[in-house]
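*Asks:* Any chance you can model this:
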Amino acid sequence: MKYEISKGTLAVVPNDENSSLIYEDDNRYIIEENPYKIMDESCKYFGSTYEGRKNGARTILGAEYKVPIVIEDSDNLIVFPTTSPSSEECCWITLKRVKNIEKIDQNNTKIIFDNLVELIVPCSYRTIENQLSRASRLDLILRNHKNS
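*Replies:* Numbers count the residues shown, from 1 in each chain. Got it, this is the predicted structure:
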């Protein structure tokens, strides 16, 4: 089964090296693709590639590492990685679905989504805060481009 990121997607979490756990509004299921493959296939579904989206975000943000990407343009469907996208631990989080974040300890952060689903990711609070900020900046810049 192929999977494309949509407005209902909360997060894509690695399950093992060849599968991912998908968090949607009220559903959780396993897809037999790693998170990177899901990101690339989702970008292709909407007319680009992961590398193209990543390079576009790098140019807009002036950032090199852990850049958020726009999966779909019309509504700025943006996802951000929790670690390096090449890491087997990298989770992808949908920006617009994040309601709040809470520090669990030095290496774990709880993400609370707009439907009150909670996900603990193996990442520092500061890292998640920075990733949220970077993704929000990308969203703002793109919205400003559309309105000019």
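
*Asks:* now the strands for this structure?
*Replies:* For the chain, strands defined by DSSP state E occupy the ranges 9-16, 19-24, 28-31, 69-72, 77-81, 92-94, 98-105, 108-113, 118-121.

*Asks:* Any stretches of the protein with poor pLDDT?
*Replies:* 1 (pLDDT under 70).

*Asks:* biggest helix in the chain, by residue count?
*Replies:* For the chain, the helix that runs over the most residues, judged by DSSP state H, is helix 125-147.

*Asks:* helices or strands next to that one in the packing?
*Replies:* For helix 125-147, the packing partners by 3 or more C-beta pairs under 8 Å, 6 or more residues apart in numbering; DSSP states H and E come out as helix 50-61, strand 77-81, strand 98-105, strand 108-113. (Each C-beta comes from the backbone N, C-alpha and C, glycine too.)

*Asks:* Out of the strands of the chain, flag the one nearest Lys44.
*Replies:* strand 69-72 (10.3 Å; C-beta to C-beta).

*Asks:* Just the CA trace of that closest one, in CSV.
*Replies:* Output in CSV follows, covering the C-alpha atoms of strand 69-72 (Å, rounded to 0.1, in the frame of the first residue of the first chain):
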residue,chain,number,x,y,z
ILE,A,69,9.6,20.6,3.1
VAL,A,70,6.3,21.6,1.4
ILE,A,71,4.5,18.4,0.3
GLU,A,72,1.7,20.2,-1.4
